[in-house]
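>>> Here is my input, please return the structure:
(one chain, ligands or ions: 1)
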Amino acid sequence: MSGAQLAILTVIVLLGTATAGVPLQRYEALLKQQSAPTDDQLGLYDENDKVVQLSVANFNETVLEQNHGSLVEFYNTYCGHCRRFAPTYKQVAEQLYSWQDVVIVGAIDCAAEENNGICRTYEVMGYPTLRYMGPGFQPSVKNYGQDLKSQDPAEIRSLLAGFLAAENLTSSTNNTYWPNFHHVTENDSTSTIFEGLSSLREFVALVYEPENSTLGIETALFLLQWPALQVRRVSDLTAASKFKIDPTSHQLSIVDRKGDITPYAPAEQTGPSYSETIRLALGKKNITPRPEKAEIQHAAVTANGEKAEHKAILEEVHRNKHFVYQADLEQAIRTVLHNEVPKVNEIGGERLLALQRFLGVLQRYNPLGHNGNQMLSKLKDYVVQFNQELTGKQFEQELQRLESQLSPIYSSTHFVGCTGSSPNLRGFSCSLWTLFHFMTVQAAENEDSLDPLEVLQAMHGYIKNFFGCTECADHFQAMASRRKIWSVPNKEEAVLWLWAAHNEVNQRLAGDNTEDPQFPKIQFPSEKSCSQCYRTPGSTSDKMEINWNKDAVLSFLKNINNPQFVSRYGVQREDLLHATAEKMRQKRQISSVFSDMDMRMGMLLYAFCIVMMVVAFKLFAFKGYRKKPYGHDLLGKV
Ligand SMILES: Cc1cc2nc3c(=O)[nH]c(=O)nc-3n(C[C@H](O)[C@H](O)[C@H](O)COP(=O)(O)OP(=O)(O)OC[C@H]3O[C@@H](n4cnc5c(N)ncnc54)[C@H](O)[C@@H]3O)c2cc1C
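As a prediction, the model looks like this:
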């Protein structure tokens, strides 16, 4: 079953009435158009959020050359930090929903392969990234929008307000909803502030805005849907006092067309509080906003078959918690090649070296079948020929070319061991750990490999330069130098180094809100999976520091990562795997049956036998030659 088949089907039922504003209708339409992500593991936002789901299908028409601005979050579904930030961003979108006539709040999932091109074009270097793109925006070299470096809702709001007010709007923006952000001056009066306003505007609210504040801008944006009102900013003290504003007690006032001024004291020095004060004041005068936005109700229906398959996978994984699954290893490789690498715009210098190293290791220790091995080998050769720079686009094109030439490559299409109990949990980052553990073990079992650091170094370079979870990459690098990754003495210690490092991450993330409740972060392996790994029984339940039996841990890791024992549950094309698995199996059987010493003794014995056979042959031949005078040839014929 494909990702699309497993994807949650959604039915969107639009209730209520449409609204009067043109931009509002378009925004509603954008929210309405949102379709379910193409993969059930993808997408942190759904139809119930006020976040416009952007993708390659609608990005340009929604963000470029519009008469509104856009706040766009570039995120990766599998990045823990993005997941943690998602509720905050939903809150931001909810709060800024009333700003929609001039700015929309959207998000694009860079973990979705289809969006590679957009994420690459916008040179997103870390996740999540928030960018503001103004009205009329077109990307160009060195202009991919303006970064909002904050994850605090109030600060995001304030930064966004600053960007919107700074727009040098001309009539070409053609947005009649854009507020008048110009300051009221001491020359203004109760009549000049109504000049040029439509007769619908019965009131002007003046908001005192101290330096470095965006209170007035925010208030104006929060009240866009009140056609009877215009909000203006005042910073000049003389002008403020003219309109009965006292910055210490009454920070805003409302002026009507008759010239009456009423000052107000908002409860808090925030945009929401100022706008609420004005709303209440207008409400008392029976002034109402534009008709309420249409209520959108969504009903998500999940096809029974898909639910059943998900349930069956979870049951399988719960039965065999420590298994390594072929499907997860393949999904990791697929995501790395199709998504993580191609979305990097320029791959040069250290990055290029990291990619070459990573592909070298992947080519040697991957779990794919014959076609996959061929593809990886050719891909590595292609990348190795670059010594200056390669672009993500070139990489993507070559990958596509090779895959269509050598297809089918993958035997499965879904996560199994890394399936989360609900969408967005676990997935790629789980499979990436799994792949690296697998590769450290394959390297340890491979006699030709002499460099103890080959997999760890490739992993370090990959995580630093390509892993889309920026926070994870930073933590990992700090941990790697603290745990002295470059001093790991041999390949078996490399297996254990990664195991211990992963356990440190598990410990740090245990109880975190990104944790899947059905798969709590434990010190791995659990005592149930490997009792010999624990020198002191019961130490996990007693919360004591675990006294590991590292020899037992090593053989446990070698066992679960033995290609012979890697589970093929969920694999649809087993035929693709036979050749490789058999090859690996034979290789491993030889190395597991005989120790190094056995092998050397065997070689000696073999050499000795050959020498003995040569000597015996010579003796025999010599004797045969001596017998010839008696009338036989070598075959005994007379
Ligand atoms: C290099 C790296 C760094 C990361 N750093 C962060 C971070 O800083 N913050 C953050 O929020 N998320 C981070 N993540 C993601 C996080 O570690 C998990 O991958 C994610 O939360 C999904 O967890 P999971 O429950 O699926 O299990 P994972 O921790 O992903 O483990 C996957 C599987 O590996 C096996 N396993 C678990 N522990 C071990 C071990 N010690 N040795 C061998 N096998 C083991 C288990 O079978 C498990 O199901 C990082 C991921 C990677 C690859």
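>>> near the ligand, which residues of the stretch 301-450 of the chain?
Contact residues (Cβ under 6 Å from any ligand atom) of the stretch 301-450 of the chain with the ligand: 322, 418, 426, 429, 430, 432, 433, 434, 437. For glycine as for every other residue, the C-beta is placed from the backbone atoms N, C-alpha and C.
>>> try 8 Å
Residues of the stretch 301-450 of the chain lying near the ligand by Cβ under 8 Å from any ligand atom: 321-324, 417-418, 420, 425-427, 429-434, 436-437.
>>> Would you pull up the residue in the stretch 251-400 of the chain closest to the ligand?
Proximity of the stretch 251-400 of the chain to the ligand (Cβ to the nearest ligand atom) peaks at residue 322, 5.8 Å away.
>>> same thing with the chain?
Across the chain, no residue is closer to the ligand than residue 80, which sits at 2.5 Å (Cβ to the nearest ligand atom).
>>> was I right about that residue contacting residue 513?
No. Using Cβ atoms under 8 Å, residue 80 makes no contact with residue 513, being 9.2 Å away.
>>> Between those two, which is the more surrounded one?
Taking other Cβ atoms under 10 Å, residue 80 and residue 513 do not tie; residue 80 has more neighbours (18 against 9).
>>> Averaged pLDDT, stretch 283-299. What do you get?
The average pLDDT for stretch 283-299 rounds to 64.
>>> now the strands: where do they sit in the stretch 101-250 of the chain?
Counting by DSSP state E, counting those that start in this stretch, the stretch 101-250 of the chain has strands at residues 103-109, 129-133, 146-147, 183-184, 203-208, 229-234.
>>> can you tell me how far the residue nearest the centre of the chain sits from residue 85?
When Cα atoms, centre = their mean is applied to the chain, the residue found nearest the centroid is residue 76 (2.3 Å). Taking Cβ to Cβ, to the nearest Å as the measure, residue 76 falls 11 Å from residue 85.
>>> So for those two, which residues contact both of them?
residue 128 (Cβ atoms under 8 Å, 6 or more residues apart in numbering).
>>> The residue nearest to the centre of the chain contacts residue 467, doesn't it?
No. Contact criterion Cβ under 8 Å: residue 76 and residue 467 do not qualify, at 9.2 Å.
>>> can you give me phi and psi for residue 567?
Dihedral angles of residue 567 (phi, psi; degrees, to the nearest 10) stand at phi -70, psi 140.
>>> Could I get the contacting residues of it?
Taking Cβ under 8 Å, 6+ apart, one finds 320, 323, 324, 325, 326, 416, 417 in contact with residue 567.
>>> Out of the residues you listed, list just those in helices.
residue 326 (DSSP state H).
>>> out of the contacts of residue 567, who's nearest residue 214?
residue 417 (48.2 Å; Cβ to Cβ).
>>> bridging residues for the residue nearest to that closest one when sequence neighbours are not counted?
Excluding the flanking residues, the one nearest residue 417 by Cβ to Cβ, 6 or more residues apart in numbering is residue 325, at 4.1 Å. Beta-bridge pairing for residue 325 (DSSP bridges): residue 567.
>>> 33 is where my numbering starts, stick with that
Fine by me, first position is 33 from now on; the one you just mentioned is residue 357.
>>> so residue 357 makes contact with residue 593?
No. Counting by Cβ under 8 Å, residue 357 stays clear of residue 593, with 11.3 Å between them.
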